[in-house]
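Undergrad: Turn this into a structure:
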Amino acid sequence: MTEKVTFWFDTSCPFCWVTSRWIKEVEKVRDITVEWVPMSLAVLNDGRDLDPGYMDMMKANWGPARVFAAVATEHPEKLDELYTAMGTRIHPGDEGGKKGYGAYDEVIAQALEEVGLDRKYAAVANTEEWDDKLREYHQGAMDAVGNDVGTPVVKFGDTAFFGPVITRIPRGEEAGKLFDASVQLASYPHFFEIKRSRTERPRFD
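TA: Have a look, this model is predicted:
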């Protein structure tokens, strides 16, 4: 039976990227369908009193998130491909951690060109035109999983979790087994969380 997965992502988040690449590996070894939906750390942290350096990164993160909100609305079939194109530049390509509004403009333009989307979408990165829609997509993740979470939010069937947060990308059958375990945990209605302190940063190889 085909398993349905809903994956809410923020392209700027390295942990989200690793989890998303795991799901791409799972597609090769399990019968799943994935719906990709944007969410936003910039929306999540909007109005919070946080470290100024971190908030400067949140300013940069608005741009890609706005582009994904527009593409999700008008060309949802392109989300997967665009996330891969943009995320590859940001994470393995070492273009992440940028600060300030407009910092990802070049990355956005390159990714749009790669996947054959109109360059008009690059312009929305620095406007509020799609902010309401972005907040709507983001709220879908919050409604599914609750508050006080980050990215990614992954829904297995009818149950959503923050995570799984992983730092390396499982491949082949290892990816499939981790997916099977996640589905099994999600199937138990009284399971809520597992957590331990992270001891390493994400790796993208």
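Undergrad: number of nearby residues for the closest residue to residue 29 other than its chain neighbours?
TA: Nearest-residue entry for residue 29: residue 176, 4.1 Å, with adjacent residues in sequence omitted and distances by C-beta to C-beta, 6 or more residues apart in numbering. Every C-beta, even on glycine, is put in place using the N, C-alpha and C of the backbone. Counted with other C-beta atoms under 10 Å, the neighbours of residue 176 add up to 17.
Undergrad: Does residue 176 belong to a helix, a strand or coil?
TA: The three-state label for residue 176, taken from DSSP: H, G, I helix; E, B strand; the rest coil, comes out as helix.
Undergrad: what's near enough to touch it?
TA: With contact set as C-beta atoms under 8 Å, 6 or more residues apart in numbering, residue 176 has these partners: 26, 29-30.
Undergrad: Among those, which ones are in helices?
TA: Those of the contacts of residue 176 mapping onto helices are 26, 29, per DSSP state H.
Undergrad: for this structure, what spans make up the strands?
TA: Counting by DSSP state E, residue ranges of the strands within the chain are 3-9, 32-38, 153-156, 159-162.
Undergrad: who wins for neighbours among the contacts of residue 176?
TA: Going through the contacts of residue 176 with other C-beta under 10 Å as the criterion, the one with the most neighbours is residue 26, at 23 neighbours.
Undergrad: can you give me how far the longest helix along the chain is from the chain middle?
TA: Taking DSSP H as the criterion, the chain has its longest helix at helix 52-74. Centroid separation between helix 52-74 and its chain, computed with C-alpha atoms, centre = their mean, to the nearest Å, is 11 Å.
Undergrad: which residues touch residue 96?
TA: Applying C-beta under 8 Å, 6+ apart to residue 96 gives the contacts 12, 14, 90.
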